[in-house]
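Asks: Make a model of this:
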Amino acid sequence: MNIYLKIVITALFFSSIIFTVTYVSSKNLGMSLLFGLLSFIANLVYDYVMGASERKSKKDNK
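Replies: Okay, the predicted model is just below:
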């Protein structure tokens, strides 16, 4: 499976959890969408940076 597809799927999974929890607890759709979107972006950035550093370290070790 492509690494970028894994990153997007993981980010969507965690942001959907954040969205669901905030919507159930607050019943405010706007705030829930905002937190879900922020979580999605943060997960994308984190996973991309960590994945890139892992790939770089694997290249350096060869």
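
Asks: Helix or strand for the closest residue to residue 18 other than its chain neighbours, just tell me which one.
Replies: Sequence neighbours aside, residue 39 is the residue nearest to residue 18 in space, at 4.2 Å (criterion: CB to CB, 6 or more residues apart in numbering). C-beta here means a position set from N, CA and C on the backbone, and glycine is covered the same way. Residue 39 is part of helix 29-61, with elements assigned from DSSP states H and E.

Asks: cool, and residue 7?
Replies: Using DSSP H and E, the element containing residue 7 is helix 3-26.

Asks: Quick one: mean pLDDT for stretch 34-41?
Replies: Taken as a whole, stretch 34-41 has a mean pLDDT of 94.

Asks: Would you mind writing the CA trace of that stretch as PDB?
Replies: Provided in PDB are the C-alpha atoms of stretch 34-41 (Å, rounded to 0.1, in the frame of the first residue of the first chain):
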ATOM      1  CA  LEU A  34     -13.400  22.700  13.100                       C
ATOM      2  CA  PHE A  35     -11.800  20.400  15.600                       C
ATOM      3  CA  GLY A  36     -12.100  17.500  13.100                       C
ATOM      4  CA  LEU A  37     -10.400  19.500  10.400                       C
ATOM      5  CA  LEU A  38      -7.600  20.700  12.700                       C
ATOM      6  CA  SER A  39      -7.100  17.100  13.800                       C
ATOM      7  CA  PHE A  40      -6.900  15.900  10.200                       C
ATOM      8  CA  ILE A  41      -4.400  18.600   9.200                       C
END
